[in-house]
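Undergrad: here is a sequence together with a model predicted from it:
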Amino acid sequence: MNPIITAFANGIKKSGVELSDVVVVSDIPFEPEIVKELGVDFFHVTRGRAIAFGTGLKLGNPDLKVVAFIGDLMTLGGNHLVHSGRRNMEMLVICVNNFIYKEIAGIPAPSVSPGFSAFSTFEKPFNAPHLANSCGAIYTARWTAMHTNELTNSIANALNKHGFSVIEVLLPGPNFYKDINQINSELLDFYYKNSITKNREDTRNVEITPEEKIVTGEFTDKEKPPFIDTYNAQLSKILGDKFIPHGGQSGRD
Amino acid sequence: MKANPRDVNTGIYYMDGDVAAGYGALAAGCRFIGGYPITPSTEAAETFARIAPKAGAVFIQMEDELGSIASIMGASWAGVKTMTITSGPGYSLMMEAIGLGAMIEAPFVILNIQRGGPSTGVPTKTGQADMMQARWGSHGDYEVIAICPDSPQELFDFTIKAFNLAEKYRCPVMIMADECIGHMSEKVVIPPAEEIEIEPRRFYEGPKEKYLPFKADKDLVPKMVKAGDGYNLYITGLVHDERGYPVKNQMEKGKRQKLPTRRLVDKIRLNADKIIELAEEGLDDAEVVVVSYGISYRVAIRGIEIARKKGIKVGHLRLITVWPFPDKKISELASKVKAFVIPEINYGQIVFEVERCSHGQVNVVLVPHGGGGVHNPDDIAEAIEYAATEKKKIRKVVEWKTRLEKFVFEGGYKLNK
């Protein structure tokens, strides 16, 4: 987890975003103690609800830069992911994917590819960047925890985007998981060596499979008006002068 | 503090309870509602969504109730007053997050327009069967405040009251209305803004580096800040200390720590006398006391009238605040009166609280109703008559057989032994 937090800290610095504006929301699996030292506000909520909680934070105070660190993104948080993408809620989601429910003795997660699982899973996994892209995310990327520079740049880019951005980060699970899969080298190393960077790749082609190399890179990068702007535009069209705009890029009430 | 005139649509209206609640929320200064439509509460959300943009407030229709309640807690910590609106099934989904709300001490209001029956139940008909869920729905130790309005006017007034209580005690506050009140159209008076008392959020004003998010004041309630104001907040649903940092063990080695969850319970229990609001009528010489809340209160008034015509001395105690429960008042009455009669639209919830507080001194008679409608006042009158004449001390709750019960079950089930 620490390489990701380091990249996150450097990413904030690089993006030029005011540190006190950044609010990190995470759910049950991620409770990184190191966040205490970052100087950002941190909320640790019930599992899967980080995006929904972040939605409230953003609408409560549109000046905030909400970052959601999520583990249960595609299970418990799945619906929130889908709909926040659809709304283009201004938020950065960092999905930390270690292929496994780490704390609960290695039960495979819905992002596990059959060949990678602890106990051979047969279910088809989610392709996180493609899922986010098809839901309407304006920025998607995937890196391993070893790609610190690329991850830092990616986070900096995403923080300056106005819309729903998703970055998937591959992180090694615990040791027993490594043993079961007979990957003897260090997992972190394994991910890194087994990956190939293809920026602007079509997200349909970036599924993680044991046969092929893991595709990393920045996949989606487009512009679309964020939720608060569309909200303001729609209501001022209906209500005219009576409408009091709600923050967003057009300034806060 | 007085309400902002921009938020108050002053006037005399003929409107239903749900709509009144929507107006009440805005008048109370609510700036964010995350909701998901559900009968019979939808009109409240609709109303707010219609009037909010003119006052700079936001309504968002979230993807589900889980998202709704999580979003209002986020907005609450972002510094605005928040609320969500739901009914039974949605309320059940929200239970997970109510514990989180109590734990991170986010002030917020839930309006529950109760429907009848479990599960999908009777969406368009009334019920009062979520009362215990309101108190015990989420896991772990926590306390909530729940208030029960009895008319559209009170849905307006109590929505404001709920916001004030939430800001004052920083806990989940629930308005436990029911479909009957929600869909009942009556005269509602919305007073001018200067007549509406609003409890402002108590923000911390002091040096930034000395701020501790969960360090309580004398009334056991900590002061709040806004996310994004540079306080380096660490807010978690884990059991935490005053700094907000998780404590793995409530009794840390070597030094005695204040139990972090103790205060969550105490801030409501020790302030209960200030929170609890009751209405009483004719209690002085009463032999039988009817304890009621919500729509059942209004039906019980008629039942009492009928009983009084027969010469029975009946008093009426209305629970405006159901949680925290008025233990003291019930105990005090139990030593004076002969019996309690509790009409409620369920098969026994608040009646057991009354039984607990009466310590076996009096008979406790439940007038049940399965939901989907309200009591027949004659049933309540007959139950009062029975309670007044019963000489035997029955050491358990007596369930009065109402007309409806007799009709539906023909005297009850015969279980095979």
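TA: Thanks, I have it.

Undergrad: ok, the strand ranked longest in chain B near chain A or not?
TA: In chain B, assigned by DSSP state E, the strand with the most residues is strand B:108-116. No - Strand B:108-116 stays clear of chain A (C-beta under 8 Å from any C-beta of the partner chain), getting no nearer than 9.7 Å. In short, each C-beta sits where N, CA and C put it, glycine included.

Undergrad: which residue ranges of chain A form strands?
TA: Using DSSP E, strands in chain A cover A:22-26, A:41-44, A:65-70, A:91-97, A:100-101, A:107-108, A:139-144, A:164-170, A:195-197, A:214-221.

Undergrad: one step back: name the helices or strands packed onto the longest strand of chain B?
TA: With contacts defined as 3 or more C-beta pairs under 8 Å, 6 or more residues apart in numbering or on different chains; DSSP states H and E, strand B:108-116 has these neighbours: helix B:17-27, helix B:65-77, strand B:81-86, helix B:88-103, strand B:122-126, helix B:152-169, strand B:172-178, helix B:179-182.

Undergrad: which intervals of the stretch 251-400 of chain B have sub-threshold pLDDT?
TA: Where the stretch 251-400 of chain B drops to pLDDT under 70, the residues are B:251-259.

Undergrad: any idea which residue of it lies closest to chain A?
TA: Closest contact between the stretch 251-400 of chain B and chain A, by C-beta to the nearest C-beta, is at B:Pro260 (14.6 Å).

Undergrad: quick check: that residue touching B:Leu238?
TA: No - using C-beta atoms under 8 Å, B:Pro260 is not in contact with B:Leu238; the gap is 9.5 Å.

Undergrad: find residues that contact each of those two.
TA: B:Val247 (C-beta atoms under 8 Å, 6 or more residues apart in numbering or on different chains).

Undergrad: so these two - more neighbours on which side?
TA: Between B:Pro260 and B:Leu238, counted using other C-beta atoms under 10 Å in any protein chain shown, the more crowded position is B:Pro260 (18 against 14).

Undergrad: what about the nearest residue to A:Pro245 once chain neighbours are set aside, how many residues nearby?
TA: Excluding the flanking residues, the one nearest A:Pro245 by C-beta to C-beta, 6 or more residues apart in numbering or on different chains is A:Asn232, at 4.6 Å. Using other C-beta under 10 Å, A:Asn232 has 21 neighbouring residues.

Undergrad: again with the one 3 residues further on
TA: For A:Leu235, the tally of surrounding residues (other C-beta under 10 Å) stands at 19.

Undergrad: what's the pLDDT at it?
TA: Note for A:Leu235: predicted pLDDT of 93.

Undergrad: also the one 10 residues further on?
TA: Among the per-residue scores, A:Pro245 holds a pLDDT of 84.

Undergrad: so it is in contact with A:Ala233, correct?
TA: No - applying C-beta under 8 Å as the test, A:Pro245 and A:Ala233 come out as separate, 9.3 Å apart.

Undergrad: of these two, which one has the most company?
TA: A:Pro245 (19 against 13).

Undergrad: what's the closest non-adjacent residue to B:Cys40?
TA: Quick fix: residue B:40 reads Pro, not Cys. B:Glu179 (4.2 Å).

Undergrad: name all residues that make contact with the one you found.
TA: The contact partners of B:Glu179, by C-beta under 8 Å, 6+ apart, come to B:40, B:87, B:113-116, B:124-127.

Undergrad: in PyMOL, select just the buried ones from those.
TA: Typed into PyMOL, the line below selects the buried ones among the contacts of B:Glu179, using 16 or more other C-beta atoms under 10 Å in any protein chain shown:
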select buried, chain B and resi 40+87+113+114+115+116+125+126+127
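
Undergrad: kindly indicate which of the contacts of B:Glu179 lies nearest A:Val67.
TA: B:Ser87 (33.9 Å; C-beta to C-beta).

Undergrad: and that closest one, how close does it get to B:Phe214?
TA: 33 Å (C-beta to C-beta, to the nearest Å).

Undergrad: which residue ranges form the strands in the stretch 201-350 of chain B?
TA: B:234-236, B:278-281, B:288-292, B:314-319, B:321-323, B:339-343 (DSSP state E, counting those that start in this stretch).

Undergrad: could you dump the ones you listed to JSON lines with mean neighbour count and distance to chain A?
TA: Below are the strands of the stretch 201-350 of chain B laid out as JSON lines (neighbours: other C-beta atoms under 10 Å in any protein chain shown; distance: least, C-beta to the nearest C-beta, whole Å):
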{"stretch": "strand B:234-236", "mean neighbour count": "21", "distance to chain A": "4"}
{"stretch": "strand B:278-281", "mean neighbour count": "13", "distance to chain A": "34"}
{"stretch": "strand B:288-292", "mean neighbour count": "29", "distance to chain A": "35"}
{"stretch": "strand B:314-319", "mean neighbour count": "24", "distance to chain A": "31"}
{"stretch": "strand B:321-323", "mean neighbour count": "23", "distance to chain A": "22"}
{"stretch": "strand B:339-343", "mean neighbour count": "29", "distance to chain A": "35"}
